[in-house]
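J.: Return a 3D structure for these sequence lines:
(one chain, ligands or ions: 1)
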Amino acid sequence: MKVLVINSGSSSLKFELIDTANNKSLAKGICERIGIANPIFTYKNLLDGYKVEERPEPLENHKIAIDLVLHELTGEHGVLKSIDEVEAIGHRVVHGGEYFNDSVLVDDDVIEKLEEISELAPLHNPANVMGIKVMRELLPGKPNVTVFDTAFHQSMEKAVYTYPLPLEDYKELKVRKYGFHGTSHKYVSGVVAKLLGKEDSKIIVCHLGNGASISAVKNGKVVDTSMGLTPLAGIMMGTRCGDIDPAAVLYIMDKRGLTPKEIDTRMNKKSGFLGVFGKSSDFRDIQNGIKEGDERAKLAYDMFCYRIRSYIGSYIVAMGGVDAIAFTGGIGENAGLAREGICKGLEFLGIELDYEKNMERIPGDVEYSKPDSKVKVFKIETAEELMIAMDTYRLSK
Ligand code: ADP
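T.: Numbering: from 1, shown residues only. So this is what the prediction gives:
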């Protein structure tokens, strides 16, 4: 089945066409700056390697952007003869609230629920819903499936996901821990369980990209995860602060005279690597900074590793042990330095990284622990789009 995977953001739209018969990606790309001046359209035909970056006429809205995508997929450098070959559409949706613990086939009721949940993810969900509505309009009759970032984490127990706030904040406002990157955590923990050769496994997944989160997956179910009500919680990230004393937020607002929106921007866009290092949010720049002796780069790196180690320790306790630690995401997959800083000194827990091999860039899914390490350390290439396509196929075939 040819599935079009759509990841619709407020001003961007990523797409990928995947054939689930062989799990091959046929084409992919991104429309950026939708509704803003100077939009950029990037398209890659993965069958013949054709690649283009265009500056199209203003992409006024998502409908015009998706129209452009469909046009390209069937055009001169397209991979389809007719758009009818697209059999189903899979949508990445950030927040599924408490309604959805699995992917779901879209109907009017699902859209209504998604609109209700939008309050919990005002930056993401409305854009995701817009993508669904536009696809229903442009390809009427084709099944649409939503795949949620939060769904895999719905297995957490009440004592884990409840915040120690007045309980009515949960009951009336639905304020609780939800967790994100669920599609990646599910995919990676599934691959690791297969590599370990056992279903009853205790796995810690470190998804380390610009956004980053950790999860403890026991026997295929999430026990705990580091993100919370929003993707701001947990470990330190590219531009997000992660866990801090909540009273610090009020103190900074008061002292600097910031509005809620301003402090939100400060914590989401100006903190993390960018806030501490000062020059960039990109881990490659942190690595270069360390080489050049930049003290703030070293501090950011040490903080990042320390915070992840704290979560690993806590999750080993939560699961009563650990069989494997898996690294994924741009940093987890590519930065041996990050894996080293996180695993160093954890030999007493049975975690023995092969430090030399760890620095080698080996494609694919790789075991980086020593052969006799009690706890295995893996690098797994995440495949969120493929997961979305597979779920879409499962629910619409
Ligand atoms: P996103 O959350 O936006 O999907 P990615 O998973 O693409 O993010 O990860 C982006 C991060 O991965 C950046 O901090 C980037 O520096 C880091 N990264 C990408 N390639 C490398 C590399 N070769 N070495 C070290 N870090 C890398």
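
J.: For the stretch 251-397 of the chain, which segments are assigned as strands?
T.: Chain-ordered strands for the stretch 251-397 of the chain, with DSSP state E, counting those that start in this stretch as the definition, fall at 324-328, 366-367, 376-379.

J.: I'd like to know which elements the longest one is packed against.
T.: The contact analysis (3 or more CB pairs under 8 Å, 6 or more residues apart in numbering; DSSP states H and E) places strand 324-328 against helix 182-196, strand 202-208, helix 336-343, strand 376-379. Where C-beta positions appear, they are placed from N, C-alpha and C, glycine not excepted.

J.: and among those, the most buried is which?
T.: Counting by mean count of other CB atoms under 10 Å, strand 202-208 has the highest mean neighbour count of these, with a mean of 28.

J.: does that one come close to the ligand?
T.: No: on the criterion CB under 6 Å from any ligand atom, strand 202-208 is out of touch with the ligand, staying 7.4 Å away.

J.: For that strand, which strands pair with it and how are they oriented?
T.: If you go by DSSP bridges, strand 202-208 pairs up with strand 212-218 (antiparallel), strand 324-328 (parallel).

J.: nearest residue to Asn23 other than its sequence neighbours?
T.: Leu386 (5.9 Å; CB to CB, 6 or more residues apart in numbering).

J.: Ok, Ile351 next?
T.: Among residues not flanking Ile351 along the chain, Val375 sits closest, at 4.5 Å (CB to CB, 6+ apart).

J.: For the stretch 51-200 of the chain, give the residue positioned nearest to the ligand.
T.: Using CB to the nearest ligand atom, the single residue of the stretch 51-200 of the chain nearest to the ligand is His181, 8.5 Å away.

J.: Sorry, wrong one. I was asking about the chain.
T.: Closest contact between the chain and the ligand, by CB to the nearest ligand atom, is at Gly330 (2.1 Å).

J.: my read: that residue touches Asp282, true?
T.: No: with contact defined as CB atoms under 8 Å, Gly330 does not reach Asp282; the gap is 9.1 Å.

J.: residues from the protein in reach of the ligand?
T.: 209-211, 238, 282-284, 329-331, 334-335.

J.: Now intersect the residues you listed with the helices, please.
T.: 283-284, 329-331, 334 (DSSP state H).

J.: still on that earlier bit, count residues in the vicinity of the residue of the chain closest to the ligand, would you?
T.: Each residue near Gly330 was counted by other CB atoms under 10 Å, and the total is 17.

J.: Relative to Ala151, how far out is it?
T.: Gly330 sits 23 Å away from Ala151, going by CB to CB, to the nearest Å.

J.: try Phe277
T.: Per CB to CB, Phe277 is found 34 Å from Ala151.

J.: before we move on, what about Ile66?
T.: Taken as CB to CB, the span from Ile66 to Ala151 is 24 Å.
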